[in-house]
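Asks: need coordinates for the below:
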Amino acid sequence: QVQLGESGGGSVQAGGTLRVSCAASGLSLSRYCMGWFRQAPGKERERVADISQGGTTTYPDSVKGRFTISKDNAENTLYLQMNNLKSDDTAMYYCAAGSVWFSRRCQVNYWGQGTQVTVSS
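Replies: Okay, the predicted model is just below:
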């Protein structure tokens, strides 16, 4: 049974930093691509970072240069380092996993429950 458990969310002031984590069980990060998504109230879920099985990363322009996705295959844990946070980054952040990396994106099969990130200006 695949489980993805996010942690590390919280409240931070604009310009601050935060790192969220995702502990995976039931699958190996060395064999699955991973991604981080976010959803703010009243908005659609948005992809914020992807990482392939081999470690290739992609980001949308909205977070490029501020967010960094990484993983520790030995610990089976995914991370999202968020720097220079803005109020627009306020959202529920979800970890996701998939078996197929296509067109520089992870095709998602599994979702975590999410962790809330709130940025105050």
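Asks: and the residue most central in space within the chain, its phi and psi?
Replies: Residue closest to the mean C-alpha point of the chain, counted by C-alpha atoms, centre = their mean, is Trp36 at 2.3 Å. The phi/psi pair for Trp36 (degrees, to the nearest 10) reads phi -120, psi 140.
Asks: pretty sure it contacts Lys71?
Replies: No - look at Trp36 against Lys71 with C-beta atoms under 8 Å: they stay out of range, at 10.9 Å. (Each C-beta comes from the backbone N, C-alpha and C, glycine too.)
Asks: find the residues that touch each one of these two.
Replies: Common contact partners of Trp36 and Lys71 (C-beta atoms under 8 Å, 6 or more residues apart in numbering): Leu78.
Asks: Arg47: neighbour count?
Replies: Residues near Arg47, counting by other C-beta atoms under 10 Å, number 18.
Asks: what lines up beside the helix or strand hosting it in the sheet?
Replies: Taking DSSP states H and E as the criterion, Arg47 maps to strand 46-51. Using DSSP bridges, strand 46-51 pairs in its sheet with strand 33-39 (antiparallel), strand 57-58 (antiparallel).
Asks: quick one: contacts for the residue nearest to the centre of the chain?
Replies: Residues near Trp36 by C-beta under 8 Å, 6+ apart: 20, 22, 47-50, 67, 69, 78, 80, 93-96.
Asks: separation between the residue of the chain positioned farthest from its centre and Val100?
Replies: In the chain, counting by C-alpha atoms, centre = their mean, Ser121 sits farthest out from the average C-alpha position, at 22.4 Å. Ser121 is 39 Å from Val100, where distance means C-beta to C-beta, to the nearest Å.
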